[in-house]
Every structure is written in C-alpha cells, then in structure tokens.
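[1] Kindly generate the corresponding structure for this input.
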Amino acid sequence: MNFIKELKWRGMIHDMMPGTEEELLKSPSAGYIGFDPTSDSLHIGSLVQIMTLVHFQRAGHRPIALIGGATGMVGDPSGKSQERNLLDEETIAENIKGVRLQLERFLDFSGDNPAEIANNYDWFKNMNFLEFIRDVGKHIPVNYMMAKDSVKNRIGSESKEGMSFTEFTYQLIQGYDFHHLYKTYHCLLQMGGSDQWGNITTGTELVRRMNGEGAKAFAMTCPLITKADGSKFGKSEGGNVWLTADKTSVYKFYQFWLNTSDVDAEKYIKIFTFLDKNTIDNLINEQHEAPHLRVLQKRLASAI
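    Have a look, this model is predicted:
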C-alpha cells in the first residue's frame, strides 16, 4: 500500500514537502503526529489525525502518537487569536491518561511495525532554560520564526492581543520534539493539520541544523475539515463531538454522522472510514441516483 497515494484519493493531503513520497517508498519509516492533552478526551477533529496514523501503519510504517505533556503547558498559538489558558501539571497528567486510552483503541502496538505512544514531557522535564536556548534556540534565526503565519497573525498591526514570549517559543519546542524523535526512533516524518505547517517545517529545519546536512526530515499536513456551509467541523448543538461516551452519547455520536449533508457525506466517508475506493465510488453513485435513501450517511454512521 502506497501511503501517500492512499491519502491523496481520500482528499487527506494539504501540503507535503518534496521528496516525502519517494522517501516512504524506499523502506518502512517512522512518522509522528502530536496530540495536545487539553482535555481528557479527543474529539472528532482529532479523528482525522488518528486515521492518518492508522493508514500510515497499514502501509507498513511505524506510527508514533506524541502526547504533548510539555507543549500542553505552553499552548499552541496556531490559529488562535489569543493565548490559551494554561493547564496545571496535575490536570494535564489526567488528560494524558484519557487520551492514551483512546489512541490505544485505534493503533496496533504489536507486530513488525508496532505503534508507539510518547510524551514530550519525558525529555523536557529535566531540561533547563539556559540549556534549551543555548543548544536549541541558537539553530533557528528569529527572522525565520517571525515569518511564520502563527506569529505574523498575532503581532500584526491589526492584532490587539499580541503574542507572549511563551507562545513565541512554541515552534521551537515542537521542533525539538521532531529532533528528539529523529534521534530516538529515526523518525523521518511529522504529520498534522494544515494549521501546523509552520511548526512542522520548523521541526524539519531543526532536525537538519542539529544533525548535519545528511539528516533527512519531511513534513505532510491534512486539510482542516469544514462543513459544506463553511461552519466548523466537529460541532453539534451541544458543542464538540467527543470520542468518549461520557461526553458525547453513542446516540448523539451516531446522529452527528447521520445528519451530515450529502456534500459532506461524500467527503467524510473517504476520510473517516477504511472502505476502499471502489466501494465508496459505488456508494456515491447510489446516493446520486436515490439521494432520499441517504445511503452515504447511513454507511458512514454505521462504519464509525
């Protein structure tokens, strides 16, 4: 199975660094996606990234789910107009337990390419500030960091909130994660949502600068999923649609998928199921011939 080819027909690639597909076709590789423990449960927005890791594993590669125990204490500024409320260590620890349990339901931790769950707090907890700015910060110029959209959008003339130094350093911290996983697991690829492109490419740059010119690091992002009317995906009348029944009931979860529009259902069934292309094409044709039967919505709701 060609991982990139599979994601392309499913509409799951937004940006990709040149050479990524060629590198993955050479031999099995390790790749990772980060998950911030801002809650004790992931929501269906995170499901896009989980599905990406599952496809990655099915293609013979080794997936790493990185839980941001350290980055969760800082807060990612990407796509945010103001700084997040910072969580305390105890809350983050409880959130990590819940997120870990959910990831273990999707990924296979046995076999020739077992999945791995890592927590970046494990390598940041004993690193002091001087050590970080000396050994890591010196590799990335400030003008490089300033050029990122997540920074420009917050410090531009129209921004009232500005950006704290804490948020400004986020891309360095996330970039160091890539370096650590490169050194520890020979991880060559970081994946994530399209709003993470700036942070991810900082990581590829840091891998190369900290490990020499021969070091290889690649990046790929998935599009942020939206509804046909432009509204945010993953929201219902009651708020976020969560991946745990104590936050979103099984009934409400099923109804969310059943109530999607025809246009959204065509897109979602490719992203959120493992149905093959021929099966999906046939289902879409059935939907077009008899839209009142809502074939796609029913298959989508039952598959998930």
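[2] what residue is smack in the middle of this structure?
    Against the mean C-alpha coordinate of the chain, by Cα atoms, centre = their mean, the closest residue is residue 192 at 3.4 Å.
[3] Could you pull up phi and psi at that residue?
    Phi and psi for residue 192, reported as degrees, to the nearest 10, are phi 170, psi -170.
[4] List the residues that contact it.
    Listed by Cβ atoms under 8 Å, 6 or more residues apart in numbering, the contact partners of residue 192 are 33, 34, 49, 199, 200, 221, 222. (Glycine included, C-beta is placed from N, CA and C.)
[5] isn't the second one right next to residue 175, touching?
    No: taking contacts as Cβ atoms under 8 Å, residue 34 lies outside contact range of residue 175: 11.3 Å.
[6] Dig out what the residue nearest to the centre of the chain forms beta bridges with.
    residue 221 (DSSP bridges).
[7] just to revisit the earlier point, from the contacts of residue 192, which ones fall inside helices?
    Counted as lying in helices by DSSP state H, out of the contacts of residue 192, are 49, 199, 200.
[8] Select from those residues the one having the most neighbours.
    If you count neighbours using other Cβ atoms under 10 Å, the busiest of those is residue 200, which has 28 neighbours.
[9] Find the nearest non-adjacent residue to it, please.
    residue 219 (4.5 Å; Cβ to Cβ, 6 or more residues apart in numbering).
[10] just residue 63 next, same as before
    The shortest distance from residue 63 to any residue that is not its chain neighbour, by Cβ to Cβ, 6+ apart, is 4.1 Å, and that residue is residue 53.
[11] what sits against that neighbour?
    Taking Cβ under 8 Å, 6+ apart as the test, what residue 53 contacts is 31, 33, 63, 65, 106, 107, 115, 191.
[12] ok, now residue 4?
    Neighbouring residues of residue 4 by Cβ under 8 Å, 6+ apart: 13, 16, 20, 21, 24, 220.
[13] Let me know the closest of the ones in helices among the contacts of residue 192 to residue 135.
    Minimum distance to residue 135 across the ones in helices among the contacts of residue 192 is 19.3 Å, recorded for residue 199 (Cβ to Cβ).
[14] With residue 33 as the reference, measure out to that closest one.
    Applying Cβ to Cβ, to the nearest Å, one obtains 12 Å for the distance of residue 199 from residue 33.
[15] just the helices in the stretch 151-300 of the chain please.
    Counting by DSSP state H, counting those that start in this stretch, residue ranges of the helices within the stretch 151-300 of the chain are 165-168, 170-185, 197-211, 250-258, 262-271, 277-289, 295-303.
[16] Doesn't the residue nearest to residue 63 lie inside a strand?
    No: looking at residue 53 with DSSP: H, G, I helix; E, B strand; the rest coil, it is helix, so not inside a strand.
[17] got a pLDDT number for it?
    Looking at residue 53, its pLDDT stands at 98.
[18] so how far is residue 87 from it?
    In this structure, residue 53 and residue 87 are separated by 24 Å, where distance is defined by Cβ to Cβ.
[19] Among the contacts of residue 4, which ones are in helices?
    When the contacts of residue 4 are checked against helices (DSSP H), the matches are 20, 21, 24.
[20] How about the secondary structure of the residue lying closest to the second one once chain neighbours are set aside?
    If I follow you right, that is residue 21. By the measure of Cβ to Cβ, 6+ apart, the closest residue to residue 21 outside its immediate chain neighbours is residue 4, 4.1 Å from it. Assigned with three-state DSSP, residue 4 falls in the helix class.
[21] For residue 4, report the pLDDT, please.
    Residue 4 carries a pLDDT score of 98 in this model.
[22] show me where pLDDT drops low in this structure?
    Confidence mapping of the chain against pLDDT under 70 gives the ranges 75-86, 156-160, 236-238.
[23] Tell me where the stretch 1-150 of the chain has helices.
    All helices of the stretch 1-150 of the chain, identified by DSSP H, counting those that start in this stretch, fall at 3-9, 20-26, 44-58, 89-103, 121-124, 129-135, 142-146, 149-155.
[24] which of the ones you listed sits most buried?
    helix 44-58 (a mean of 21; mean count of other Cβ atoms under 10 Å).
[25] quick one on the thing from earlier: just flag the most distant two among the contacts of residue 4.
    Comparing every pair within those by Cβ to Cβ identifies 13 and 24 as the most remote, at 12.5 Å.
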